[in-house]
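1. next comes the sequence, and after it the predicted model I'd like to discuss.
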Number of protein chains: 2
Amino acid sequence: MKLPTSPLQLVSHYFQRGYFPLNAQEAEALAAYCTRRQIKRRQLLLQTGEICRHVYFVVAGCLRLYAVDTGGKAHNLQFAVENEWLSDLASFYAEQPSGVFIEALESTSVLQISHDDLLDLFVRFHKFDRNFRILIERQYLQLQDRLLQSISTPAEARYRAFLAQYPHWAARLPNTQIAAYLGITPEFLSKIRRDQASAHRRQP
Amino acid sequence: MKLPTSPLQLVSHYFQRGYFPLNAQEAEALAAYCTRRQIKRRQLLLQTGEICRHVYFVVAGCLRLYAVDTGGKAHNLQFAVENEWLSDLASFYAEQPSGVFIEALESTSVLQISHDDLLDLFVRFHKFDRNFRILIERQYLQLQDRLLQSISTPAEARYRAFLAQYPHWAARLPNTQIAAYLGITPEFLSKIRRDQASAHRRQP
């Protein structure tokens, strides 16, 4: 099988695996609404108070969606690397000022689709409503899993679950970002890593 | 306006408010797939290990979806009262054994739709894919909000947010259920309630 090379082929390929595949007409319509954008490392795609005007599909690189609490502490709600979607849906659909930030953790290339264009795809093609329903259902289940862990599971076990569930994130994210996702300090995460490494060494 | 009286009218009415309204053909198809079911207080609709075969629409009463951790402690992930939906979507869509429980906290009347019937509605009518996409997007945003609170907000503030956001749940749920939702002990919740009541009395 020839691997997709263009970003637009990537999105079609994305829906081909695990979703309802797009036909030529649907893929063409989607392609017409995708705009390529390059974001520098540490650049913000969204700040609180701004309206999130796009959904983003990561072609290369890494984004994070985070909130800052009243004490000034950042909490990572979501990451997105290659072939993953990210947006502040609350702001995007309601066209209301956002309460979160979206930042590029690496030099990142995305395809963005605007609010009006996505809604137009939903109106014109049943397939997009269906595929985005399935997409958000899967994200919902991941989030429910994470909420359950955050209220019922000690930090060590949460870190182990993170490694098992998201190895592709764990491998490239700095300690500080993983800690801000798990709701612990980077120092405590380092301690967990040391403890797990030494427990591993003690095993026969 | 005449208020809906039959459960099937209720579901149509539900989509009428805040969703894309069903036409006669869609409402009829939905009605044909809805089965009325009565559940006694404390009765389980789902246990871990069973496959969740239905989505539930609450006509009257109250359901909770909860998980039990390795220490035997129950954590409430979701409640549903009148005009709210509940299901273990992970088990429902994958047709895999569930890891959670669904219990009736009151004598409850639901409409249930089976897996195959819901998928048939999705195939036959664009509208259902769209409305259920919007439904799950809204639940996703509530969950993201709750996750953010659970990792960044002290228990007192989480309880205040719960009262503000879900007054219709707070008014009818016992202390123990709210505590198991907020991730605190019932004793600590009682203390928060006493503190807030006495702070309120001190105000001029």
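-> Ah, there it is. These figures come from a predicted structure and were not determined experimentally.
2. so A:Lys191, which state does it fall into?
-> helix (DSSP: H, G, I helix; E, B strand; the rest coil).
3. can you pull out the low-pLDDT segments for chain A?
-> Of all residues in chain A, those with pLDDT under 70 make up the ranges A:1-5, A:203-204.
4. which helix runs longest in it?
-> In chain A, with assignment by DSSP state H, the single longest helix is helix A:126-152.
5. residues contacting A:Gln38?
-> By Cβ atoms under 8 Å, 6 or more residues apart in numbering or on different chains, the residues touching A:Gln38 are A:Ser107, A:Thr108, A:Ser109. The C-beta positions use only the backbone N, C-alpha and C, and glycine is treated the same way.
6. neighbour count, distance to chain B and secondary structure added to these, as TSV?
-> Shown next, in TSV, are the contacts of A:Gln38 (neighbours: other Cβ atoms under 10 Å in any protein chain shown; distance: Cβ to the nearest Cβ, whole Å; DSSP: H, G, I helix; E, B strand; the rest coil):
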residue	neighbour count	distance to chain B	secondary structure
A:Ser107	14	27	coil
A:Thr108	24	22	strand
A:Ser109	17	25	strand
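7. how about A:Glu103, phi and psi?
-> With angles defined as degrees, to the nearest 10, A:Glu103 shows backbone torsions of phi -130, psi 150.
8. and A:Arg133, how far from A:His126?
-> The gap separating A:Arg133 from A:His126 is 11 Å, by Cβ to Cβ, to the nearest Å.
9. so what sits against both of those two?
-> With Cβ under 8 Å, 6+ apart, A:Arg133 and A:His126 have common neighbours B:Asp129.
10. the more surrounded of those two?
-> A:Arg133 (21 against 18; other Cβ atoms under 10 Å in any protein chain shown).
11. quickly note the distance from that one to B:Leu118.
-> For A:Arg133, the distance to B:Leu118 equals 11 Å [Cβ to Cβ].
12. same check, this time on A:Leu118
-> With distances taken as Cβ to Cβ, A:Leu118 is found 24 Å from B:Leu118.
13. CA-only coordinates of stretch A:111-130 in PDB, if you can.
-> Extracted in PDB, the C-alpha atoms of stretch A:111-130 (Å, rounded to 0.1, in the frame of the first residue of the first chain):
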ATOM      1  CA  LEU A 111      -4.600  21.400   9.000                       C
ATOM      2  CA  GLN A 112      -7.400  23.800  10.200                       C
ATOM      3  CA  ILE A 113     -11.000  23.800   9.400                       C
ATOM      4  CA  SER A 114     -13.200  26.800  10.300                       C
ATOM      5  CA  HIS A 115     -16.500  26.700  12.200                       C
ATOM      6  CA  ASP A 116     -18.600  27.600   9.100                       C
ATOM      7  CA  ASP A 117     -16.800  25.200   6.900                       C
ATOM      8  CA  LEU A 118     -17.200  22.300   9.300                       C
ATOM      9  CA  LEU A 119     -20.900  23.000   9.700                       C
ATOM     10  CA  ASP A 120     -21.200  23.100   6.000                       C
ATOM     11  CA  LEU A 121     -19.600  19.600   5.700                       C
ATOM     12  CA  PHE A 122     -22.100  18.400   8.400                       C
ATOM     13  CA  VAL A 123     -25.000  19.700   6.400                       C
ATOM     14  CA  ARG A 124     -23.800  18.400   3.000                       C
ATOM     15  CA  PHE A 125     -22.600  15.000   4.000                       C
ATOM     16  CA  HIS A 126     -24.000  12.600   6.500                       C
ATOM     17  CA  LYS A 127     -20.600  10.900   6.800                       C
ATOM     18  CA  PHE A 128     -19.000  13.900   8.600                       C
ATOM     19  CA  ASP A 129     -21.700  14.000  11.300                       C
ATOM     20  CA  ARG A 130     -21.200  10.300  11.700                       C
END
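14. got the contact list for the spatially closest residue to A:Ser98 that is not a sequence neighbour?
-> Using Cβ to Cβ, 6 or more residues apart in numbering or on different chains and skipping the chain neighbours, the partner closest in space to A:Ser98 is A:Ser91 (3.7 Å). Shown in contact with A:Ser91 (Cβ under 8 Å, 6+ apart): A:Leu46, A:Glu50, A:Ile51, A:Cys52, A:Pro97, A:Ser98, A:Gly99, A:Val100.
15. around chain B, pick out the residues from chain A.
-> Residues of chain A lying near chain B by Cβ under 8 Å from any Cβ of the partner chain: A:67, A:69, A:73, A:75, A:77, A:89-90, A:93, A:122, A:126, A:129-130, A:132-133, A:136-137, A:139-141, A:143-144, A:146-148, A:150-153, A:183.
16. quick one: list the elements packing against whichever strand or helix holds A:Ala29.
-> Using DSSP states H and E, A:Ala29 falls within helix A:24-33. Counting contacts by 3 or more Cβ pairs under 8 Å, 6 or more residues apart in numbering or on different chains; DSSP states H and E, helix A:24-33 is packed against helix A:7-16, strand A:108-114, helix A:115-124, helix A:126-152.
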